[in-house]
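# sequence first, predicted coordinates after that:
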Amino acid sequence: MRTFVALVAFVSLAGCRDAPKPVAVAATVTPGPGIAIDSLAEYAAPDDGAKPRDAYYLITLTYTNLTDAPVEPRVERFVYVDTTLRRYLAFDAGAPVVAGVSNARVTLERGQSHAYTIAFRVPRDAAGTLAYDSPH
């Protein structure tokens with residue numbers, strides 16, 4: 001299993017005036033079964049007082065259906081599990097970091113793949129595994 005480590009990431013969010021700026025990262029994200037990480041960028045999350053050390057991980061990945069049944073992957077079923085076993089659900093709307101992101105709804109037969117761009121709000125410098133929580 002290969003671990004994806006981002007040293008410095010730059011992602012442009014065209015058309016979004018309030019887009020967060022990428023920060024240098026040393027995030028470690030290990031892809032789970034059926035996932036290949038294409039890119040990883042870390043953005044400082046707004047300091048809302050409750051979680052001042054949070055970050056957004058913006059991840060572009062390719063998901064391959066390894067189950068015997070057709071799967072229609074849903075963004076919220078991608079999970080990031082950190083080393084303390086805390087689970088974070090993916091999102092692709094509702095925050096400036098995902099402005100302009102759009103993921104198509106497709107049905108994947110066994111062995112078929114599709115690309116997704118998703119984000120997680122996690123503690124800064126979190127390390128963990130990215131997986132798809134398949135209902136099959």
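Noted; the coordinates are in hand.
# quick one: stretch 117-128 to chain centroid distance?
The chain centroid and the centroid of stretch 117-128 are separated by 7 Å under Cα atoms, centre = their mean, to the nearest Å.
# let me know the pLDDT of residue 124.
Listed pLDDT for residue 124 reads 83.
# then residue 43?
In this model, residue 43 is scored at 89, pLDDT.
# residue 95 is in contact with that one, correct?
No - the pair residue 43 / residue 95 is not scored as a contact, 9.3 Å apart, by Cβ atoms under 8 Å. For the C-beta atoms, the positions are set from N, CA and C on the backbone; glycine is no exception.
# tell me where this protein has strands.
Taking DSSP state E as the criterion, the chain carries its strands at 4-5, 22-23, 28-31, 35-44, 54-64, 78-82, 87-89, 113-123, 127-132.
# which of those strands comes out lowest on mean pLDDT?
Mean pLDDT is lowest for strand 4-5 among the strands of the chain, at a mean of 44.
# contacting residues for residue 123?
Residues near residue 123 by Cβ atoms under 8 Å, 6 or more residues apart in numbering: 51, 53-55, 82.
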